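Colleague: With the input below, show me the fold.
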Amino acid sequence: MARLIAICLFITLVIIPATSQQNAYSQDQVKTSEMTAGSIDPKELETWIDGFLSDFSNRTEPLSLAIVIVKDNRTLFQKGYGHADDLGRKPVIPDETIFRAASVSKLITATAVMQLVENGKINLDADVNSYFKRFQIANPYLSPVTVRHLLTHTSGIDEPLVGNAVANPNELIPLGDYFVKHQPRVTRPPGQQIIYSNFGMALAGHLVEVVSGVPFDEYVEQNIFKPLGMAHSSFRQPYPAQLAPHVVPSGADEGAILLSPAGSMISTVTDMSRFIMAHLNGGSYAGVQLLSKESVREMHRQQFSAHPKIPGVGLGFFEYYTNGKRGLFHTGRSGHQSELFLLPEEHLGFYIVLSAHEGGEYEELRQRFTRAFIERYYPAAPTTASANSAGGSPSTKQVVAGIYRPNLLPRERFENIGNLGADTLVTVNDDNTLTLHYPPYGLIKRLRLVEREPLLFESTEHLYVAFRQDQNGRVTHMFMSGSLSDPLTFDRLKWFQSGTLHALLAATGGLICFSFCLIVLGGNLLSRVPRVGKKLPASFGEFRLAWIWAGAVCLAVILSPLSFVAWYFFSEPSLRPYGVESAIKFSLNLLQLAALLGLPVPILAVVVWKRRYWTLIWRLAYSLVALVCLLTVPFLYYWSLLRLRL
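Modeller: Predicted coordinates:
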């Protein structure tokens, strides 16, 4: 919801946690640690974690958290913190208290797909359309969308942000019906960019249904949860009756997710420890072979990266490089915040989940914990390399300087309008480094980048930024990866494509329309007052149709955003995420009506000038409105607002 109402806030929430530094506590502990890398004493570990979390004890928002750490095929540590209910009466118990796994659910989905690959029922490199009969993915490119693309977020499918949840689980429809109603559309060449996609992973979940012949949640229960003994886990909506009393309230429990394979799972940390151990032990847990060793290796190996030296993606997992170690992870944030992290070479993994609202006081807790844990127990070897010294050639940096736009929003849907506030500026500093200015406009966060090799840069937080050139040497894309953030792809913009420029033009057009409405309304009201009406210029009444017509257009333009604002402030807060689709549709219909009615206004302006109606000042004012009407249609077309796809 926040992404749609305030795109600047959404991008800030996605990026800032990925680049935040460690807290003071973790830094001090790293400095004083004398432990051998990989040597972990369970009692000392508990003391350290208790101390780490005590740094968050002064927050006003109550903390409900559970964590499990496994190593060498055994549970090293598990513990709950805080309370599992709003009244503060039920403590968090690792093997009983259930949290929403959110997007960590995708790892279960990817594992289910790999089981069917093992059985010869799915080919990772087959065209996904060959499996679907009720609908087809609309793909204008020669390269097909494969199963591998779905599991690596490289399908190029537009990601709808609105209309993916319902207020009541009774309103849920089968995945197949959903995709028939919302046809997947490819808007970027498959296999060339990592663009995070709930839609794509839900398609992978539906593929499991199609191939296995059973509903996705039932398949997972029989083939993953039951074999591993994960009795407190489920994808079902509403929550199963025997599990519902143990779920920590999230504020989103009454609704349901339509794209369930991408994020509807609930589980305990104890259950998740078994899933982690299976992945760390060649697919085996307690004598159960969940996956073959070959399938696990395939899931864990790098499948795609925008640059050979930056973290990429496996099948479901994202990569994380630190201290000479290669980690695999996935995070989640929907009602609850979660993170599953693996160090395969160390046979270590953990799962941390907490009840905290998006953008709240604990937004950075998971990332801080991961960095602090690795620095303490797997510290880096001494090195002279530093990300604080600049290098590289100034000419290279001048080539990459410019405006970029993150590929977070769909290209061919109305959510594209959020990119008005998504400009990401890259500038060259006097010391031969780069500064990356995060949206909005670098006001909240800026990142200093040092060149490691041509077109590859690194920040002090170990966030990697790479640039891609076309055959003519022009930079076309920027890629960001590392620091426990999902990889991001940015498009290089020309100056006239800048969202900031378009936002200023839109604001100017809105101001012109607002002013004209006041003129038309005020003039008509004054003309009805006998004494005042006689004093108005004689030309005011000439060609009144032009005034009224343009005034109606301007009124529709002004009412478009006002209708959405009114809905937002007067609607029930708990139902806003589910009613936003209708509110946006109504608001955009008003804007589309204004664009249609505005088509004759430039013609009327020509008539006004040709016949010399009104004074010069009024003709100029009317011409400004005509210019707004003339530019409205291309503006709506560019931002995908002419055709409303919901």
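
Colleague: What is the least confident helix or strand in this structure?
Modeller: Lowest by mean pLDDT, DSSP states H and E among the helices and strands of the chain is helix 24-32, with a mean of 33.

Colleague: centre of the chain versus the helix or strand just after that one, how much separation?
Modeller: Going down the chain from helix 24-32, the next helix or strand is helix 42-54, by DSSP states H and E. Relative to its chain's centre, helix 42-54 lies at 32 Å (Cα atoms, centre = their mean, to the nearest Å).

Colleague: Find the centremost residue of this protein, please.
Modeller: residue 408 (6.0 Å; Cα atoms, centre = their mean).

Colleague: what about that residue, helix or strand, and which?
Modeller: With DSSP H and E as criterion, residue 408 is part of no helix or strand.

Colleague: same deal with residue 206?
Modeller: helix 198-212.

Colleague: quick one: that helix to chain centroid distance?
Modeller: 20 Å.

Colleague: Using CSV, list the CA coordinates for the very next helix or strand once past that helix.
Modeller: Proceeding C-terminally, helix 198-212 gives way to helix 216-220 as the next helix or strand, assigned by DSSP H and E. Taking C-alpha atoms only, helix 216-220 is exported to CSV below (Å, rounded to 0.1, in the frame of the first residue of the first chain):
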residue,chain,number,x,y,z
PHE,A,216,-0.3,-26.1,-4.2
ASP,A,217,-0.9,-26.0,-0.5
GLU,A,218,-1.8,-29.7,-0.4
TYR,A,219,1.2,-30.7,-2.5
VAL,A,220,3.5,-28.8,-0.1
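
Colleague: Pull the residues that contact helix 216-220.
Modeller: 108-109, 112, 175, 205-206, 208-209, 212, 234-236, 260-261 (Cβ atoms under 8 Å, 6 or more residues apart in numbering). Yep, even glycine has a C-beta here, placed from its N, CA and C like the rest.

Colleague: Turn those into TSV, columns for neighbour count.
Modeller: TSV is the format used below for the contacts of helix 216-220 (neighbours: other Cβ atoms under 10 Å):
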residue	neighbour count
108	24
109	29
112	22
175	22
205	28
206	26
208	24
209	19
212	19
234	23
235	25
236	18
260	23
261	29
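
Colleague: Stretch 319-338 - what's its average pLDDT?
Modeller: The average pLDDT within stretch 319-338 is 92.

Colleague: Can you give me the first-to-last residue distance of that stretch?
Modeller: Taking Cα to Cα, to the nearest Å as the measure, stretch 319-338 stretches 16 Å from start to finish.

Colleague: got a list of what residue 329 touches?
Modeller: 317-318, 320, 339-342, 370, 484 are the contacts of residue 329 under Cβ under 8 Å, 6+ apart.

Colleague: ok, now with 6 Å
Modeller: By Cβ atoms under 6 Å, 6 or more residues apart in numbering, the contact list for residue 329 reads 318, 320, 341.

Colleague: Show me what the second one bridges to in the sheet.
Modeller: Following DSSP bridges, residue 320 is listed with bridge partners residue 327.

Colleague: Compute the number of surrounding residues for it.
Modeller: 23 (other Cβ atoms under 10 Å).

Colleague: mind listing what it touches?
Modeller: Residue 320 touches 311, 327, 329, 484, counting by Cβ under 6 Å, 6+ apart.

Colleague: which among those end up buried?
Modeller: Applying 16 or more other Cβ atoms under 10 Å to those, the neighbour count classes 311, 327, 329, 484 as buried.

Colleague: Out of these, flag the one nearest to residue 466.
Modeller: Checking those against residue 466 with Cβ to Cβ, the nearest one is residue 311 at 10.7 Å.

Colleague: before we move on, what SS does the closest one have?
Modeller: coil (DSSP: H, G, I helix; E, B strand; the rest coil).

Colleague: swap in residue 583?
Modeller: helix.

Colleague: I'd like the distance between it and residue 642.
Modeller: Separation of residue 583 from residue 642 (Cβ to Cβ, to the nearest Å) stands at 19 Å.

Colleague: Between these two, tell me which one has more neighbours.
Modeller: residue 583 (19 against 16).

Colleague: pLDDT value on that one, please?
Modeller: For residue 583, the predicted pLDDT is 88.

Colleague: follow-up on the earlier one: can I get the contacts of residue 320 in JSON lines including distance to residue 148?
Modeller: Formatted as JSON lines, the contacts of residue 320 follow (distance: Cβ to Cβ, whole Å):
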{"residue": "311", "distance to residue 148": "18"}
{"residue": "327", "distance to residue 148": "22"}
{"residue": "329", "distance to residue 148": "20"}
{"residue": "484", "distance to residue 148": "24"}
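
Colleague: Quick check: which ranges of the stretch 451-600 of the chain have low pLDDT?
Modeller: Counting by pLDDT under 70, the ranges of the stretch 451-600 of the chain that qualify are 522-541.

Colleague: change it to 80
Modeller: 461, 520-542, 572-578, 581 (pLDDT under 80).
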